[in-house]
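A.B. asks: next one to model:
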Amino acid sequence: MKFKWLYLFLLILGLVGCNIGQPESQEITVFAAASLTDAFDELAKAFQAQNEGVEVILNYAGSSQLAVQLTEGAAADVFASANAAQMQNVIANGRIVSGTETLFVSNRLTIIVPSDNPAQISALEDLAQPGVQLILAVQGVPVRQYTDEIVAAMPADFQEKFYGNLVSEEDNVRQVAAKVALGEADAGIVYTSDVTPGIVNQVQQIAIPDEQNVVATYPIAPLADAPNPPLAHSFIDFVLSAEGQAILSKWGFGPIATQ
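C.D. replies: All right, here's what the predicted structure looks like:
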C-alpha cells in the first residue's frame, strides 16, 4: 500500500513538474480592415514569435462590417479600422472608450486596371469616359468613403458619368482588387497597399495625383470589454513600435504625419 501511494505521489509530482516553466496558453482576437490582411498576418506571426504561448486570431472584413459585428456584441480584443467613422460607430455603441483609439498608419488611393488595360485608362478623368466598366467598394466601406471624397471635388458632369459607369459594388476593397485582377472590370479604385505580390502582375496602377488624392488614416483601439486587456495593449504597442511600423511599410502603408 505504501508503494502504491508513493507511486501516485511521484506520478502527480511528475505531471505538475511537466507544466513548470511552460507559458500559459493565451489568445487575442483582432478585428482588422480587409486592406490590412497581409500586413497583419505578418504582424501576428511576429507578435506570436515574441510571446510564447500566445495565439492571435484575426478577423478580416470591411471596416463597416466589423463595426456592425462589434456593435452587435461580437467578442474581440482589438479593432483596427480603415477610417475614423467606423471607429466612432463602435465608440458611440460603448464597446470602445473614447480617447483610447490611436492612429497607426496611413494609405493613399490608386486606380487599378487589368494588365492589358482594355479601356486605355491613363488618368482619373478617364473613369468618366463612355463604356468604362468600373468597380468600387460598397457605400459605407472606408475606401468608398475616401473615393467619394475624391469624386466630390470633381466637376458635376464628371461625377454623374463616373457613377454611371459603376457596374459592381463589393463588400471590401480586397474584393475590388481581386475582380479587377481577374479582368471582370476595366478599372477599380483601391488603396496603394492593395497592389500586393499576389496581383501585381495582373494589374497596372494609374496614380491619382496628390492634389486629387486623399490621405486615408487608420485608427486602432482595445475593446472596453476585451477578454485579455493586457495582451490587447501589448499587441497595439507592437503595431506602433518600430518593428511593427516597418512591417506595415513593407506592405505599402505610410506613417502617420506628425504635427
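A.B. asks: can you map out the strands along the stretch 101-250 of the chain?
C.D. replies: 102-114, 134-137, 166-170, 187-191, 203-207, 215-222 (DSSP state E, counting those that start in this stretch).
A.B. asks: for Val68, find the nearest of those strands.
C.D. replies: strand 134-137 (15.2 Å; C-beta to C-beta). Every residue, glycine included, has its C-beta placed from N, CA and C.
A.B. asks: list the contacts of that closest one.
C.D. replies: Here strand 134-137 makes contact (C-beta atoms under 8 Å, 6 or more residues apart in numbering) with 62, 127, 143-144, 147, 162, 165-173, 175-176, 179-180, 184-189.
A.B. asks: that older thread, just say which of the strands of the stretch 101-250 of the chain is most tucked in.
C.D. replies: strand 187-191 (a mean of 28; mean count of other C-beta atoms under 10 Å).
A.B. asks: related to what we said a few turns ago, I'd like the strands of the stretch 101-250 of the chain laid out as a markdown table, including mean pLDDT and distance to Ala246.
C.D. replies: Shown next, in a markdown table, are the strands of the stretch 101-250 of the chain (pLDDT from 0 to 100; distance: least, C-beta to C-beta, whole Å):
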| stretch | mean pLDDT | distance to Ala246 |
| --- | --- | --- |
| strand 102-114 | 98 | 12 |
| strand 134-137 | 98 | 28 |
| strand 166-170 | 98 | 30 |
| strand 187-191 | 98 | 19 |
| strand 203-207 | 98 | 23 |
| strand 215-222 | 98 | 16 |
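A.B. asks: dump those to TSV, plus distance to Asp38.
C.D. replies: Listed next are the strands of the stretch 101-250 of the chain as TSV, based on distance: least, C-beta to C-beta, whole Å:
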stretch	distance to Asp38
strand 102-114	13
strand 134-137	18
strand 166-170	18
strand 187-191	12
strand 203-207	15
strand 215-222	14
